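1. compute the structure for the input listed below.
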Amino acid sequence: MDRFNEGWQHLFFHAHGNTTILGIESGSFGVADAISLDHRTDIVYTTACLTGHFDGNTAEPCLSEAFLRNGDGGAVVYIGCSRFGWHSPDEPPASNTSIGGSSNDYAYEFYQALFQNNVRIAGEAFTQHKANLSGSCHTYNS
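-> Below is the predicted model of the structure:
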């Protein structure tokens, strides 16, 4: 809570998650935690599974909604998986050029648009990162 409440410009979270939680070293960070934040992070981007699963038979609110609905803290932008995030670490010895799997490929594209291409509108960076990888989405499980 202390770290989230420092009011970051952006936070990238790469770990496990579920509809209402992010897995952290000391347990989890959940909906109640996101709702109680009193400082805002501009952009939260996570590859954690299901944290953006707002539709269907899920808890209300899901974690992404809790971040976005918090009027005093939370996040301005939340980008997270509505279903599963996919990670594939390298077999040893690890490559120094691997990003780590398809979910990380998307995150890399987003941050490249935001920081290297100087896109200043999060929605535009989001659109670019999805469009740049749309050609790799050719099967149901890709």
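
2. tell me the domain boundaries of the protein?
-> 1-84, 86-142 (automatic domain parsing).

3. and those as CSV, adding mean pLDDT and mean neighbour count?
-> Bear in mind the C-beta positions are built from the backbone N, C-alpha and C, glycine included. Formatted as CSV, the domains of the chain follow (pLDDT from 0 to 100; neighbours: other CB atoms under 10 Å):
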stretch, mean pLDDT, mean neighbour count
domain 1-84, 89, 17
domain 86-142, 75, 13
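
4. tell me who's in contact with the residue sitting nearest the centre point of the chain.
-> By CA atoms, centre = their mean, the chain has its centre lying nearest to Thr46, at 1.9 Å. Thr46 makes contacts with Phe12, Phe13, His14, Gly17, Leu22, Ile79, Gly80, Cys81, Gly85, as judged by CB atoms under 8 Å, 6 or more residues apart in numbering.

5. how about 6 Å then?
-> Contacts for Thr46 were tallied using CB atoms under 6 Å, 6 or more residues apart in numbering; they are Phe13, Gly80.

6. all helices of this protein, in order?
-> 31-36, 63-69, 102-111, 122-132 (DSSP state H).

7. wait, which of those helices is closest to Leu50?
-> helix 63-69 (8.4 Å; CB to CB).

8. which strand residues bridge the residue nearest to the centre of the chain?
-> Phe13 (DSSP bridges).

9. measure it to Ile24 for me?
-> 12 Å (CB to CB, to the nearest Å).

10. and what of Leu68?
-> Distance from Leu68 to Ile24, by CB to CB: 20 Å.

11. Val119 now?
-> On the measure of CB to CB, Val119 and Ile24 end up 30 Å apart.
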